[in-house]
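Student: Okay, sequence plus prediction incoming.
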Amino acid sequence: MTHRARHKETEDFLGSSAGVPGRDAVPGRGEFLEFLGLTLAAGAFVLFVVRPEVSEALVHAVAARTAVFGH
């Protein structure tokens, strides 16, 4: 379901394509995904700083699952 824009100009790999109309299939979707990713990353950072035992529990859970698959 991806919309591909067709332009008569040649591609300029050194320039930005952000200003080209019709380049995005869904306008504003990239900004929303970027905001969502930054929000998740900031939340994870705050969680690991405020509650460091969460990271220790996560490492322990991953190690336990890996050990189960190893046997």
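Tutor: Cool, got the structure.
Student: Burial check on the nearest residue to residue 55 once chain neighbours are set aside, number of neighbours?
Tutor: Setting aside the residues directly before and after it, residue 55 is nearest to residue 48 in space (Cβ to Cβ, 6 or more residues apart in numbering), at 5.0 Å. From N, CA and C alone the C-beta is placed, and that goes for glycine too. Per other Cβ atoms under 10 Å, the neighbour tally for residue 48 reads 14.
Student: likewise residue 55?
Tutor: As a measure of burial, residue 55 has 13 neighbours, counting by other Cβ under 10 Å.
Student: so for whichever helix or strand it is part of, what's the average pLDDT?
Tutor: Per DSSP states H and E: residue 55 is located in helix 52-70. Per-region confidence: helix 52-70 scores 89 on mean pLDDT.
Student: State the distance from residue 61 to residue 36.
Tutor: Computed with Cβ to Cβ, to the nearest Å, the distance linking residue 61 and residue 36 is 25 Å.
Student: Give me the local confidence score for residue 43.
Tutor: pLDDT recorded at residue 43 is 93.
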